[in-house]
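Asker: Predicted coordinates and the sequence they were generated for:
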Amino acid sequence: LKPGGVLVIGICTREQLASGFWFTHLIPQALAACARVTIPLELLNEMLQASGFEVRESLVPWDETLQGDAYFNALGPLERAWRDGDSIWTLSPPEELAAAMENIRQLDADGDLENFVESHDAARTTVGQITFVCAVRR
């Protein structure tokens with residue numbers, strides 16, 4: 001990248017992974033696996049600076065969801081195509097995935113699924129789902 005060139009990195013922070021998605025509470029092993037390989041934002045910024053970049057700002061689109069309106073489909077995780085919209089699901093062991101599906105079915109049968117989604121989605125508007133780090137090559 002030439003001097004003055006802009007680099008934009010989109011990253012889900014560990015806090016965003018844990019609190020910005022209603023469904024990660026259903027797949028704790030996948031969440032832990034994802035968090036283990038997610039670089040802390042502070043370390044990313046340090047690495048960018050050490051690599052000749054000046055971090056100008058970090059932006060969080062507070063009201064946006066990565067999956068658009070589909071994110072709010074409470075029965076979405078039961079469909080593979082819906083799960084394919086977020087790679088965290090691939091980190092879920094088969095037994096955890098099966099338990100998550102059963103949990104969703106039971107919550108739905110009990111009439112509690114919408115409340116589950118709403119309560120586990122509450123933090124999203126304060127932590128967001130993604131952070132865009134904007135840096136300029138020195």
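Answerer: Right, received. Where do you want to start?

Asker: The helix ranked longest in the chain - contacts with which helices or strands?
Answerer: Criterion DSSP state H: the longest helix present in the chain is helix 94-109. If contacts are counted by 3 or more Cβ pairs under 8 Å, 6 or more residues apart in numbering; DSSP states H and E, helix 94-109 sits against helix 28-36, helix 113-121. Using the backbone N, CA and C atoms, a C-beta is placed for each residue, glycine as well.

Asker: Format those as a markdown table; extra columns: mean neighbour count.
Answerer: As requested, those are exported to a markdown table (neighbours: other Cβ atoms under 10 Å):
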| stretch | mean neighbour count |
| --- | --- |
| helix 28-36 | 16 |
| helix 113-121 | 15 |
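
Asker: Any chance of CSV for those helices, columns mean pLDDT and distance to Arg137?
Answerer: Converted to CSV, the helices and strands packed on helix 94-109 look like this (pLDDT from 0 to 100; distance: least, Cβ to Cβ, whole Å):
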stretch, mean pLDDT, distance to Arg137
helix 28-36, 98, 29
helix 113-121, 98, 37
